[in-house]
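A.B. asks: got a sequence here, can you build the structure:
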Amino acid sequence: MDVGIFGAGHFGLSLAALFDRAGHTVHIAGRRPVQLSKTLAEQGLRHTRAESLDDVFDSSALLVGAVQWLDLAALAAQLPDLEGKIWIDPANPYTRAEDGSVSAVPTDGRPHSAIVADLVGRAQLVKAFNGFTTPMFRSGPLTSQGRIVAPIAGDHPAALCRVAELIKPTGFMPIIVGNLTDSVVLEPGGALRALSNPLIAP
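C.D. replies: Prediction:
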């Protein structure tokens, strides 16, 4: 399966590695394409290609917005009409300063994915991966208790099925938790994010 990733920071590269190891073809765009190509080679990502924004857009119906929250509007504004695309939303409303400090961005109580859905227009949005942490990427999907769940939410059943098929080869267990309104349980402070340990598949 082909998947396009916008953003080649730590999180975007971690997702690329996850999909690459699962055998997916990954198209990724970053601000420094030459350096990005070197990084992909150094990490041994054989199925991942550094491409332009337009080429990533054209590469797949599955697109991931792996940029910082405050960069989402500018990214969406650069893209053509997203009708027919599935937008995978891992974004949390935080911003990182140059000194590395992280602060929350006010969202006036709106579900975070509803805000992103407004930005990406006619794309079919699926909330996914926003609760993934560096240790989860490093250790993989299996624990001594069982397989880690990758919860997803969205309003479009066909899009949810496509994203579930994207996730399954990674070893994580996709489970649909509801629609975009229900996705608040995946947000920072939400019921599922408040758990001290990741969900384990039954």
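A.B. asks: quick one: the strands in this structure?
C.D. replies: 2-6, 25-29, 48-50, 62-65, 86-89, 94-96, 102-104, 124-128, 149-154, 173-178 (DSSP state E).
A.B. asks: possible to save the ones you listed as TSV with mean neighbour count and mean pLDDT?
C.D. replies: Heads up, the C-betas are built off the backbone N, CA and C, glycines and all. Below are those laid out as TSV (neighbours: other C-beta atoms under 10 Å; pLDDT from 0 to 100):
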stretch	mean neighbour count	mean pLDDT
strand 2-6	23	98
strand 25-29	25	98
strand 48-50	22	98
strand 62-65	25	98
strand 86-89	27	98
strand 94-96	13	87
strand 102-104	10	88
strand 124-128	27	98
strand 149-154	24	96
strand 173-178	17	96
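A.B. asks: distance to residue 191 added to those strands, as a markdown table?
C.D. replies: Putting the strands of the chain into a markdown table (distance: least, C-beta to C-beta, whole Å) gives the following:
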| stretch | distance to residue 191 |
| --- | --- |
| strand 2-6 | 28 |
| strand 25-29 | 31 |
| strand 48-50 | 34 |
| strand 62-65 | 24 |
| strand 86-89 | 18 |
| strand 94-96 | 19 |
| strand 102-104 | 18 |
| strand 124-128 | 14 |
| strand 149-154 | 11 |
| strand 173-178 | 10 |
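A.B. asks: of these, which is nearest residue 193?
C.D. replies: Ranking the strands of the chain by their distance to residue 193 (criterion: C-beta to C-beta) puts strand 149-154 first, at 9.8 Å.
A.B. asks: strand partners (parallel or antiparallel) of the closest one?
C.D. replies: Taking DSSP bridges as the criterion, strand 149-154 forms sheet pairs with strand 124-128 (antiparallel), strand 173-178 (parallel).
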